[in-house]
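1. build me a structure from this.
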Amino acid sequence: MTKAHEELLQEAINVYLSSLKYLDNFVSEPATKYGLSFEQYLILHTISSREHVSLMDIASERKVTRSAISRQIKVLLQHDYIYQKPAESDRRRLYLHLTKSGKEVENKVTELTTARFDEWISRYGEDKVREILDFIKDFASQEMKNFNEPKQSNQ
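-> Next comes the predicted model:
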C-alpha cells in the first residue's frame, strides 16, 4: 500500500469513527421517540400511504424475508400502531392497517423526519445533498455487486 493510500485509509477510518457510525442514529432518532426503529417507521409509512398492503408485499418490495418483516410487524402490533384484517377475497391474506395511535405516530415521525431533512437541504444545499445521495447509491450499487459475486478460489 502506498503512503497516500495509507493516509486515505486512516482518513476513512477517522471519518467512520467520528461521523458515519452515528448517521444511522441521527436518521433514526425521530422514530426512537416513539419506541420504533427507523425500519418500523418505514413500515408504518408504507401502510399509511397504501390502502391494501400485506406483510408479504412489504417483504417483497424491500427484498427481505417474510420473517424479517414479521418481527417488525410484531413490534408494531404490540405498540398498538397497526392491526391486521383479512382480505374479503381471500381470508388467508391479511392486510395491514394503522390504528388511530399508529396514524398519529406516523404523522409525527414524518413531520420530524421531513423537518430534519429540510434542515440538511438548507444547510448543505440541494445540489450537495443530491451529490451525496448519488455517491452513496453508486457506492452501494458497486459494493453490493462485488459482495454478491461468488468468490473465486486461488487453487
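2. so where's this structure shaky on pLDDT?
-> Across the chain, the ranges flagged by pLDDT under 70 are 147-155.
3. okay, buried residues for the top helix by length along it please.
-> Ordering each helix of the chain by length in residues (DSSP state H) puts helix 100-124 first. Buried residues in helix 100-124, defined by neighbour count with 16 or more other C-beta atoms under 10 Å: 102, 103, 105, 106, 109, 110, 112, 113. No exception for glycine: its C-beta is placed from N, CA and C like everyone else's.
4. possible to save those residues as JSON lines with distance to residue 49?
-> Formatted as JSON lines, those follow (distance: C-beta to C-beta, whole Å):
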{"residue": "102", "distance to residue 49": "13"}
{"residue": "103", "distance to residue 49": "12"}
{"residue": "105", "distance to residue 49": "15"}
{"residue": "106", "distance to residue 49": "9"}
{"residue": "109", "distance to residue 49": "13"}
{"residue": "110", "distance to residue 49": "10"}
{"residue": "112", "distance to residue 49": "17"}
{"residue": "113", "distance to residue 49": "14"}
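5. picking up where we left off before, could you check the angle helix 100-124 makes with the very next helix or strand once past the longest helix of the chain?
-> Downstream of helix 100-124, the next assigned helix or strand under DSSP states H and E is helix 126-148. Interaxial angle, helix 126-148 versus helix 100-124 (axes from the mean of the first three to the mean of the last three C-alpha atoms, to 10 degrees): 110 degrees.
6. so which residues make contact with helix 126-148?
-> Outside helix 126-148, the residues that touch it by C-beta atoms under 8 Å, 6 or more residues apart in numbering are 120, 121, 124.
7. what do you get if the cut-off is 6 Å, keeping everything else the same?
-> Contacts to helix 126-148, defined as C-beta atoms under 6 Å, 6 or more residues apart in numbering, come from residues residue 121.
8. try stretch 68-80
-> With contacts defined as C-beta under 6 Å, 6+ apart, stretch 68-80 is touched by 39, 40, 43, 55, 58, 59, 82, 99, 101.
9. pull out the buried residues from that stretch.
-> 69, 72, 73, 75, 76, 79.
10. ok so the third one is a helix residue?
-> When you say that, I think you mean residue 73. Yes - according to DSSP: H, G, I helix; E, B strand; the rest coil, residue 73 belongs to a helix.
11. look up how far residue 58 lies from it.
-> In this view, residue 73 and residue 58 are 8 Å apart by C-beta to C-beta, to the nearest Å.
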